[in-house]
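*Asks:* Pasting the sequence and the predicted model now:
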Amino acid sequence: MELSKFLKLYDGHKLEEKDLSSYEKWSLQFFHKKEFVREPNLQITLQLEITKAYNTYKNECDTVIGASFTSYLMWHIIKTTQNHPYFRYRNIDGEWYIFNNLPVFSPIGIGGDARFSEIIVENGSIEDYAAFTNNYRSKVDKSFNMREFEPLDELVWANSHFIGNLPNLQFTGFQLHTPTKNSGRPYFYFGKRYQTNDERFIPLLVMFDHSNLDPFVLSDFMNEFQSRIDENKH
């Protein structure tokens, strides 16, 4: 896909220097300089408390056609990025852009010869949960009918929101391989839900590029995300 088409399709434009903070003017360049920083990506694994969120989902969304708690979490991540623009910055061929309606990419384990399928779900930032989860479910169902692995367009794959799910692995630490081209996109990976006493938890790995993200902005993001899933804020 051509960059111009990608920008138009997902409502993106180049970041102008006047729109950047003094810190960003430094960080967006510095952490991608190989002579100073060998690895710009940071990784953290959180144990997300989901007791209230799961009850809210069951009470308000469980009857929605195609609903799942996984899609509920995914949709709220996408919605949370709308109030945190740094999570929508992307570096493409050395230039920084910001997008308003990025799709979400998710790998799906299907087994067999293909082993994995890759799905792209669009318009999550502007759709309500019912529309998003219906779209997500149809893409997942379609992926299980694939006979051979079919990789996605490289530009779309490298810049979409990345949200994965490992429902059979309860991890306390998980490390992703890092890309040779750092696009600045964060990676989210959920694990197997578990219960401790009366509280529910889910592991969540977050990998992020220090050029546009850091623990300070991640903390703000996670606080809003927690509030959103607890209350099902729209």
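*Replies:* Looks like it arrived, so ask away.
*Asks:* Only C-alpha atoms from now on, for both contacts and neighbour counts.
*Replies:* Will do.
*Asks:* Quick check: residue 10 touching residue 99?
*Replies:* Yes: Residue 10 lies in contact with residue 99 (CA atoms under 8 Å); the separation is 6.4 Å.
*Asks:* Have a look at the two and say which one is more surrounded.
*Replies:* residue 99 (25 against 18; other CA atoms under 10 Å).
*Asks:* contacting residues around the more buried one?
*Replies:* Residues counted as contacts of residue 99 (CA atoms under 8 Å, 6 or more residues apart in numbering) are 7, 10-13, 88-90.
*Asks:* Adding pLDDT and secondary structure as columns, could you present those residues in TSV?
*Replies:* What follows is these, written out as TSV (pLDDT from 0 to 100; DSSP: H, G, I helix; E, B strand; the rest coil):
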residue	pLDDT	secondary structure
7	97	helix
10	97	coil
11	97	coil
12	97	strand
13	97	strand
88	98	helix
89	98	strand
90	97	strand
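*Asks:* Need those in a markdown table (columns: distance to residue 215).
*Replies:* Shown next, in a markdown table, are the contacts of residue 99 (distance: CA to CA, whole Å):
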| residue | distance to residue 215 |
| --- | --- |
| 7 | 28 |
| 10 | 27 |
| 11 | 27 |
| 12 | 25 |
| 13 | 26 |
| 88 | 16 |
| 89 | 16 |
| 90 | 18 |
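*Asks:* Need the buried ones from these selected in ChimeraX.
*Replies:* Filtering these down to the buried ones (16 or more other CA atoms under 10 Å) takes a single ChimeraX command:
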select :7,10,12,88,89,90
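*Asks:* Which elements pack onto the lengthiest helix in the chain?
*Replies:* What stands out as the longest helix in the chain, according to DSSP state H, is helix 215-231. Secondary-structure packing of helix 215-231 (3 or more CA pairs under 8 Å, 6 or more residues apart in numbering; DSSP states H and E): helix 51-60, helix 69-81.
*Asks:* Buried deepest among the ones you listed, which one?
*Replies:* Of all those, helix 69-81 carries the top mean neighbour count, a mean of 21, counting by mean count of other CA atoms under 10 Å.
*Asks:* which helices and strands does that helix pack with?
*Replies:* With contacts defined as 3+ CA pairs under 8 Å, 6+ apart, the packing partners of helix 69-81 are helix 51-60, helix 129-143, strand 161-165, helix 215-231.
*Asks:* Which of these has the lowest mean pLDDT?
*Replies:* Note on those: lowest mean pLDDT is at helix 129-143, with a mean of 92.
*Asks:* Could you name the helices and strands sitting against the helix or strand following that one?
*Replies:* Counting by DSSP states H and E, the next helix or strand C-terminal to helix 129-143 is helix 154-159. Contact here means 3+ CA pairs under 8 Å, 6+ apart; on that basis helix 154-159 packs against helix 3-9.
*Asks:* Would you mind pulling up the elements that the helix it packs on packs against?
*Replies:* Applying 3+ CA pairs under 8 Å, 6+ apart, one finds that helix 3-9 contacts helix 154-159.
*Asks:* what comes up buried for the helix it packs on?
*Replies:* Here helix 154-159 shows 156-159 as buried, counting by 16+ other CA under 10 Å.
*Asks:* which residues of this protein score low on pLDDT?
*Replies:* Within the chain, the ranges that satisfy pLDDT under 70 run 114, 147-150.
*Asks:* Swap in 80 and give it another go.
*Replies:* Applying pLDDT under 80 to the chain picks out residues 110-116, 144-151, 179, 234.
*Asks:* Please identify the residue most distant from the middle of this structure.
*Replies:* residue 197 (29.5 Å; CA atoms, centre = their mean).
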